[in-house]
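**Q** what's the 3D shape of this:
(3 chains)
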Amino acid sequence: MSDAATAPELLTTADGRPLKSALAHAQARNKRRAFYLVLPLLLFVVITFLIPIGQLLTKSVYNTGFYSWKDRDAGVSIPLMVELREWFDETPADAEPDEAAFAALVAGLVHARETKSIGQIGTRINYEVSGSRSMFTKSARKAKDLVPPYKEALLEVDEDWGDPELWGAMRNASKVVTLDFYLSALDRTRNADGDIVKVDEERAVYVLLFKRTLVMSALITFLTFLLGFPVAHLLATLPLRHSNLLMIFVLLPFWTSLLVRTTSWIVLLQSQGVVNDIWVSLGLISDESRLQMIYNQTGTIIAMTHILLPFMVLPLYSVMRPIDPSYVRAARSLGATSWTAFRRIYMPQTIPGIGAGGLLVFILAVGYYITPALVGGSTGQLISNLIAFHMQNSLNWSLAAALASLLLFAVLLLYWLYDRLIGIDNLKLG
Amino acid sequence: MTETAESNVASFVEFRSVQKSYDGETLVVKDLNLKMPKGEFLTMLGPSGSGKTTCLMMLAGFETATHGEILLDHHPINNIPPHKRGIGMVFQNYALFPHMTVGENLSFPLEVRGMGKSEREKKVIRALEMVQMGSFAARRPAQLSGGQKQRIALARALVFEPELVLMDEPLGALDKQLREHMQFEIKALHERLGITVVYVTHDQSEALTMSDRVAVFNDGVIQQLAPPDELYERPQNAFVAGFIGENNKLEGRIEEIHDNKALVRLKTGELIDATPVNVTKPGQDTLVSIRPERVEFKPEFFDEGAHMIEAEVLEFIYMGDTFRTRLRVAGHDDFVMKSRNMMGQRRLEPGEKIPISWHMQDARALEDDNAL
Amino acid sequence: MKKTLILTTALAGFAVSATAEELTVMSWGGAYTKSQVEGYHKPFAEKTGVKVVSVDADNPATPIKAQVEAGNVTIDVASVEFADAIRLCDEGLVVEIDHASLPAAPDGTPATEDFLPGTLTDCLVSTDVFSTVFAYDTEAVGDTAPDSIADFFDLEAYPGKRGMRKTAKVNLEMALMADGVPAAEVYGLLETDEGVDRAFAKLDAIKDQIVWWEAGAQPPQLLADGEVSLSTAYNGRIFNAVIGESQPFDIVWDGQVYEFEGWVIPKGAPNLENALEFVKYSTSTEPLARAAEWISYGPPRQSSGSLVGIYQGDGTTEMGPHLPTTAANLTNALASNFEFWADRETELNERFNAWLAN
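**A** This is a model prediction of the structure:
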């Protein structure tokens, strides 16, 4: 008897099959069906979300600009600068470029000229060393006619070929996997010796903008909380008839195009705009000292707070709605003033909503692009505007990807922190 | 009789002509007058919408009286906010703060009173022990069963030692067995601590078992305020008679009336004896109310000289400790007789014709106000 | 505008519905696309029976890059800026076009000589010359109207806010020209640190008064709203506001910076042959002149210049004086130097962005 209790024998079904496998078999069909049901969504997520993010991350550390050339007509990849890359592999990082190196470089230039890949090579190095793109195209044009000694010959074409910084950049670029774009995204660069140093102060912009983005997003999140909390509370406590009407007002911005909402703010806030006009007509300010409320940080904060407000109100509302009014009554009956009851009893119960709303608004704000672009002027720009700049204007997608990845990491870090501090199961989105 | 008793009470809680309206059109509480002495356990009993919870909320301070005065210990409290009234309250859904542990829940009322930490801890432990939950201080409400939550809610309402405790259907969510057990415990606590309790329920058996007095509410008015036995034995009107316990009702007209005795002719012509309650003169329409357990069918137990009427057995139900017999009496098919399962008790057969009767004081002739 | 576009595209589609041949052309939208539809698409469809579908993008270079890299090209011909054309060409994303295959001028001058110098590159055939100029609201500037680029930077003579595009390009050049540097020396000076410092110093002087714009439609709007009293702008946008909407704006051609833009054909274009035919047709003398009658961007062929007539939008305005390429407008003008920007863009934009953000 006691043996059976300590070592339970394997349970079997009536026909002698182990119970566990019988159960698994019986459930397999249901599991399969459930899987087929989620399959479309799974594929959708993988295709539209995971793969692009993977590509983004890849692009931020992987650049073949100095490594291979994709001939799209033939559909093949041609390796570039083979000899030079070999020379880099064989020599230590601080090696002075010798005749062999220059010979390899010239061979690479000739080859690049033939394959018409010199622009790509020049663009890649130009990311690191400004002004080098034209050196490559110019030198490649003449490379075929150069004769040894190549070092002197090339230096004669352009004396900057002797620049150790350039050689450092080429050495870095010869590896396809590189963290250089992350360095750039953090206002760092490699000097001639390969050490990581800060870029000139007058070129440093990304760290500043990352900081500004985080600070402004936090401020916007706080403002949406400040404005959204009473609204959500009202929504949750009003009789359904009234709260539905109020809910429509809250949701109205959702049904309006983002661009329309942003331009409406321009109409309202610009110096010849409605708000200034009213203040001037009321005599609050003089016509000469109209307030600059747009094309700066103020404009970005006002417009983004308004646009993101529903994302704070809705999670708060969904958390507040089921909170029984008897909690506050109980607190009051136990001797708490209405403020204490609110602070100690009501507020803590809305934390899942505050967390969800805050996280939602913050993450959206961190990546916001159109609104700061339109109303941000120069001081209201966020990091996303520079990402867009590198995507659309400079076409330096690797740097854009590195910046975007850093933003992604920052958000994930925040998410992790939230999980550690408050707990992700304590998140209620609706 | 009760009216005079009422006026002599040294009141601790008093409602003076209190009226309450939510919409300005109808009154949910109509001219309420109530006095209760210190240490009393008073239950407000009534169907939902009868105004009993509104009265409780006015007393607690969550609703304001539209008219009239509420006094606590001789001081009007109409304008005192709830947190300054010092009234303990137990809610129907317990209202334990979900983000706090049991200990923190109990500590909360002491904390807002600015009590020191060590004293708080002592009181919390004492309160928990009082409800036999001493080891639960670190738990969260979500980890407790319904009965445990109920005890904690009780302990929390008592921990700051209020003189008056209000309970709003506190046992409504518990199953029957637990409910009966808790009724007993609450009653025991009340007696031990000597606190004054106002208890709201719609469960009449709960009201009867626990209370010193019961106020039966209907339609915003106290229909009767009396100790349980009086309420049960001597309902003042048809509503109370119908609401408290099971009741047989027979319609008729007063034939004769003198002293404490009335002769009633039922609609089907039979004559029965009854005690007049709020009927005064012959010719008046009346409802005669008789409790099922007071109906007798063995002639040896009949009152001497009492009227009997013929009944036909329709159904005989065995219920363990009792038998329940449904009879046809004076044209009614739902006349119920309850008899104890005694030794030698015989079973009645459907179709059997039996005479039934009762003691005169158990048949109460009430004014037929169509309240039922 | 958009409505007419849809309508014309629909009509063009209707006319050739018998044939399945199709060509997708991507452009910048607005009046610019309209000028191309009127000047190129319609006559080409009429002539060849190929249905031309017009689609718009903020900057067609971005979708081209994405499509070719993904190997899923739906665009046959795209209108891109000169600098982007070079870059796309460098990266092997667009097809090389043989200059010899382009049609000669009516008088027999070969295309390579007929096109203005620099308007043909390996992969790009220019369709127009557009210019960044500065414009002002005639009602906002007082009695003496500004007439030189230096006036744009003169806060004392012309107080008020200025609109400028949020990029380093053009702004640095204009700053130097306003500082007295002759157009021919601008890029030489910008190669040096002193030159760049000087340009930024000039910009610094008016930084507080600048409202930055990004889309070409913004400057006329900013001027109309009274948000700025002077603004740099694309000359075509100002022309449309003045002629089309009777806005009281005027252009100062002094210190204009002109650029080319034109057609590229992405690698893997689904209708390569038709695309080449379209490029050849649309960049011949006559269509270039016709398109210039719809928007005030100059034709890059010398033979087209004299053929440009009346603005088709109102049927009365002579187009000539409004084109950047007209001699009177070129007295102090600068051709944007692509090579310079390809080399220095990263560095200068970083500095510009840092300057902006601080």
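**Q** how deep is residue 132 tucked in, by neighbour count?
**A** No chain in the question, so chain A it is. 25 (other CB atoms under 10 Å in any protein chain shown). (C-beta placed from N, C-alpha, C; glycine too.)
**Q** you looked at the wrong chain, it should be chain C
**A** 25.
**Q** For it, list each beta-bridge partner.
**A** Taking DSSP bridges as the rule, C:Thr132 bridges to C:Tyr234, C:Val257.
**Q** quick one, what contacts it?
**A** C:Arg165, C:Val170, C:Met174, C:Thr232, C:Ala233, C:Tyr234, C:Asn235, C:Gln256, C:Val257, C:Tyr258, C:Glu259 (CB atoms under 8 Å, 6 or more residues apart in numbering or on different chains).
**Q** Double-check the first one against C:Trp212; I have them as touching.
**A** Yes - with contact defined as CB atoms under 8 Å, C:Arg165 and C:Trp212 form a contacting pair (7.2 Å).
**Q** On the pLDDT front, check B:Thr4 for me.
**A** pLDDT recorded at B:Thr4 is 41.
**Q** ok, B:Ala306 - how many residues close by?
**A** Other residues close to B:Ala306 by other CB under 10 Å number 14.
**Q** Revised request: answer the last question for B:Pro81.
**A** Around B:Pro81 there are 11 residues (other CB under 10 Å).
**Q** Which residue comes closest to it once chain neighbours are left out?
**A** B:Gly61 (6.2 Å; CB to CB, 6 or more residues apart in numbering or on different chains).
**Q** got it, and B:Lys149?
**A** B:Tyr94 (4.6 Å).
**Q** can I assume that neighbour sits in a helix?
**A** No - read with DSSP: H, G, I helix; E, B strand; the rest coil, B:Tyr94 is coil and lies in no helix.
**Q** Neighbours of it, how many?
**A** Per other CB under 10 Å, the neighbour tally for B:Tyr94 reads 23.
**Q** rewinding a little: spit out the residues that contact C:Arg165 and C:Trp212 alike.
**A** By CB under 8 Å, 6+ apart, no residue touches both C:Arg165 and C:Trp212.
**Q** Flag every residue of the stretch 101-250 of chain B that's near chain A.
**A** B:Phe108, B:Pro109, B:Val112, B:Arg113, B:Arg156, B:Ala157, B:Phe160, B:Leu166 (CB under 8 Å from any CB of the partner chain).
**Q** Weed out the non-buried ones from the contacts of C:Thr132.
**A** C:Arg165, C:Val170, C:Met174, C:Thr232, C:Ala233, C:Tyr234, C:Asn235, C:Gln256, C:Val257, C:Tyr258, C:Glu259 (16 or more other CB atoms under 10 Å in any protein chain shown).
**Q** Was I right to think the third one contacts C:Thr232?
**A** Pointing back at C:Met174 there. Yes - shown here, C:Met174 and C:Thr232 form a contact pair, counting by CB under 8 Å, at 7.0 Å.
**Q** overlap in contacts of these two?
**A** Common neighbours of C:Met174 and C:Thr232, counting by CB under 8 Å, 6+ apart, are C:Thr132, C:Phe134, C:Phe152.
**Q** could you say which helix or strand contains A:Ser184?
**A** helix A:180-185 (DSSP states H and E).
**Q** which helices and strands sit right next to that helix?
**A** helix A:51-61, helix A:118-128, strand A:188-190, helix A:397-421 (3 or more CB pairs under 8 Å, 6 or more residues apart in numbering or on different chains; DSSP states H and E).
**Q** tell me the most buried of those?
**A** helix A:118-128 (a mean of 24; mean count of other CB atoms under 10 Å in any protein chain shown).
**Q** Redo the helices and strands packed on helix A:180-185 as a markdown table? Include mean pLDDT and distance to C:Ala342.
**A** Shown next, in a markdown table, are those (pLDDT from 0 to 100; distance: least, CB to CB, whole Å):
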| stretch | mean pLDDT | distance to C:Ala342 |
| --- | --- | --- |
| helix A:51-61 | 90 | 21 |
| helix A:118-128 | 87 | 7 |
| strand A:188-190 | 85 | 20 |
| helix A:397-421 | 90 | 16 |
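**Q** Which one of the ones you listed lies nearest to chain B?
**A** helix A:397-421 (15.0 Å; CB to the nearest CB).
**Q** Which residue is the nearest non-sequential neighbour of B:Asp303?
**A** B:His359 (5.1 Å).
**Q** Same list (the helices and strands packed on helix A:180-185) but as TSV, adding distance to chain C.
**A** Shown next, in TSV, are the helices and strands packed on helix A:180-185 (distance: least, CB to the nearest CB, whole Å):
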stretch	distance to chain C
helix A:51-61	10
helix A:118-128	2
strand A:188-190	10
helix A:397-421	8
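**Q** would JSON lines of the ones you listed with distance to B:Asn260 be doable?
**A** Shown next, in JSON lines, are the helices and strands packed on helix A:180-185 (distance: least, CB to CB, whole Å):
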{"stretch": "helix A:51-61", "distance to B:Asn260": "92"}
{"stretch": "helix A:118-128", "distance to B:Asn260": "111"}
{"stretch": "strand A:188-190", "distance to B:Asn260": "106"}
{"stretch": "helix A:397-421", "distance to B:Asn260": "77"}
